[in-house]
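> Got a predicted model here, sequence first, then my questions.
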Amino acid sequence: MDLQKTNVVVIGAGTVGAMALWQLSKRDSLDVVGIEQFGRVHSHGSYVGESRVFRTAVHEGGTYVPMIQRSRDLWRELERESGRSIYDEIGALSIAPEGFPDLVTALGTVRDFDLPHRVLSTEELRAEFPQHRVQDGDIGLLDAHGGGLRPEVAIMSALDLAESNGAKLFFNTPVIDIEERVNGVVVRTTQGAWLADTVVVASGSWSTRISPELNDLLRLQVLGLTWFMPKRPELFAPDRFPVFLRDAGSVHFFGAPSFDGYAFKACTNPEWPVFRDVDEVPTSHTREELIRIGQRAAELFDGINPEPVRQSVHHCAYTPDRLPVIDRNASGRIVTLAGLSGHGFKFAPQLGEWAAKLVKEEDATVDPRFALPAHLERLAKTGPYTGGGH
Ligand SMILES: Cc1cc2nc3c(=O)[nH]c(=O)nc-3n(C[C@H](O)[C@H](O)[C@H](O)COP(=O)(O)OP(=O)(O)OC[C@H]3O[C@@H](n4cnc5c(N)ncnc54)[C@H](O)[C@@H]3O)c2cc1C
């Protein structure tokens with residue numbers, strides 16, 4: 001088989017792959033190739049579904065704040081370079097009972113990092129956000145640098161920019177496997193093979209098929225999306241209704257305002273098990289699941305029709321502690337970014353920038369906890385991810 005030569009091959013043109021391609025294509029004297037199994041911006045990836053929540057006041061504590069702040073700058077840069085609207089800074093509102101652990105962590109994060117925010121009492125929430133049926137004892141945290149991202153537009157923009165900077169992109173071209181040799185890495189696809197100095201594996205939920213060393217670490221969590229029609233859609237428009245996270249009892253909802261003018265997004269996940277391969281993941285909610293989600297949504301939001309008017313089911317690869325895998329192997333020829341664990345869209349531009357650094361700069365480093373050996377060491381103590389993430 002003839003081998004075509006290049007400096008870098010990025011496997012997967014989804015969230016991380018698109019951001020890595022955009023960043024790599026800005027580097028001088030680098031031939032960059034991107035290979036995607038489906039078409040340009042498709043409906044199968046972990047990024048699908050109109051909007052993604054961006055928040056700086058993360059419930060997970062301070063690990064991610066610097067990554068998110070850098071990403072905020074890069075989202076703006078992507079908007080400037082592409083001329084497209086990708087990030088609406090409309091605020092992110094967390095509502096939960098006072099003392100709820102995630103909210104306490106988020107409040108600690110805003111204070112530690114001096115993030116612009118407001119804390120709202122139950123009465124203030126009721127007055128300012130009547131769309132939410134707030135329960136006695138609920139309080140709110142409004143993250144002023146939070147908002148909504150448009151994932152499909154973001155990926156299209158990054159891929160278009162990468163291409164106009166000279167990257168060569170190949171779609172509908174599944175990568176079958178990779179093989180490291182002394183002079184590079186062979187990337188075999190259904191349409192031919194490449195020999196690359198370095199390979200970036202950014203294949204999301206499919207990563208274990210390319211990188212079996214991730215088999216024990218990654219599990220696929222199912223995540224469902226549902227949209228509901230409010231009686232007064234104008235109250236759920238982006239200028240009145242921030243993206244949100246709600247915790248009430250054991251129920252967690254997240255969502256976004258109405259971008260289409262008739263329905264807003266409010267999602268909660270049934271108790272789905274975790275899976276090992278994308279082919280095992282359910283492709284739709286059941287009728288019972290939709291009825292139950294609608295009942296819960298009607299308890300938490302005012303004046304909505306409880307039947308979801310749109311719904312879809314997706315997947316994302318999780319690690320047990322939800323830290324991403326960002327790894328460069330011993331030879332430095334294979335860079336892997338995986339396990340974004342249901343919260344990685346917001347900081348994907350930072351991952352793209354790190355991918356480019358790990359490819360190009362020998363002394364580049366990232367948080368050592370993200371390296372594969374560190375993950376495997378923790379995995380030996382904790383065991384694999386078993387579910388419950390959102
Ligand atoms: C429903 C849902 C809601 C979410 N909400 C949020 C949120 O509000 N905020 C947030 O920050 N995060 C959120 N996330 C998480 C975030 O969207 C994901 O973590 C992120 O999109 C994962 O990016 P990825 O690059 O790893 O995977 P993907 O974006 O899926 O990209 C992987 C790409 O690799 C390609 N590929 C795979 N194998 C091959 C192969 N062999 N050959 C060629 N190409 C291949 C795939 O086709 C795909 O295009 C959510 C996730 C889901 C599923």
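Now that the structure is in, tell me what you want to look at. Note that the structure is predicted; figures quoted are calculated from it, not measured.

> Show me which residues of the stretch 251-390 of the chain are close to the ligand?
When proximity is defined as CB under 6 Å from any ligand atom, the stretch 251-390 of the chain approaches the ligand at 314, 316, 340, 342-346. For glycine as for every other residue, the C-beta is placed from the backbone atoms N, C-alpha and C.

> Make a ChimeraX selection of the buried ones in those.
Restricted to buried positions by 16 or more other CB atoms under 10 Å, the ChimeraX selection for those reads:
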select :314,316,340,342,343,344,345,346
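
> Go through stretch 164-184 and flag the buried ones.
Within stretch 164-184, the residues that count as buried by 16+ other CB under 10 Å are 165, 167, 169-170, 173-175, 178, 184.

> contacting residues around the residue of the stretch 1-150 of the chain found nearest the ligand?
Closest to the ligand within the stretch 1-150 of the chain is residue 14: 1.9 Å, counting by CB to the nearest ligand atom. Listed by CB atoms under 8 Å, 6 or more residues apart in numbering, the contact set of residue 14 reads 36, 45-47, 155, 202-204.

> Could you tell me the backbone phi and psi angles at it?
When read as degrees, to the nearest 10, the backbone of residue 14 gives phi -100, psi -140.

> got the domain boundaries for the chain?
3-47+152-218+320-382, 88-147+220-316 (automatic domain parsing).

> Of all the ones you listed, which one comes closest to residue 53?
Residue 53 sits nearest to domain 88-147+220-316 of all the domains of the chain, at 4.8 Å, using CB to CB.

> Tell me which entries of the residues of the stretch 251-390 of the chain next to the ligand lie within helices.
Among those, none falls in helices (DSSP state H).

> got CSV for the residues of the stretch 251-390 of the chain next to the ligand, with pLDDT too?
Listed next are those as CSV, based on pLDDT from 0 to 100:
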residue, pLDDT
314, 98
316, 98
340, 98
342, 96
343, 96
344, 97
345, 98
346, 98
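
> nearest to residue 197, of the residues of the stretch 251-390 of the chain next to the ligand?
Using CB to CB, residue 340 is the member of these that sits closest to residue 197, with 25.6 Å.

> hey, where'd the strands end up in the stretch 251-390 of the chain?
For the stretch 251-390 of the chain, applying DSSP state E, counting those that start in this stretch gives strands covering 251-256, 264-267, 310-318, 325-328, 334-338.

> Rebuild those as a markdown table, extending it with distance to residue 150.
Formatted as a markdown table, those follow (distance: least, CB to CB, whole Å):
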| stretch | distance to residue 150 |
| --- | --- |
| strand 251-256 | 10 |
| strand 264-267 | 12 |
| strand 310-318 | 16 |
| strand 325-328 | 25 |
| strand 334-338 | 21 |
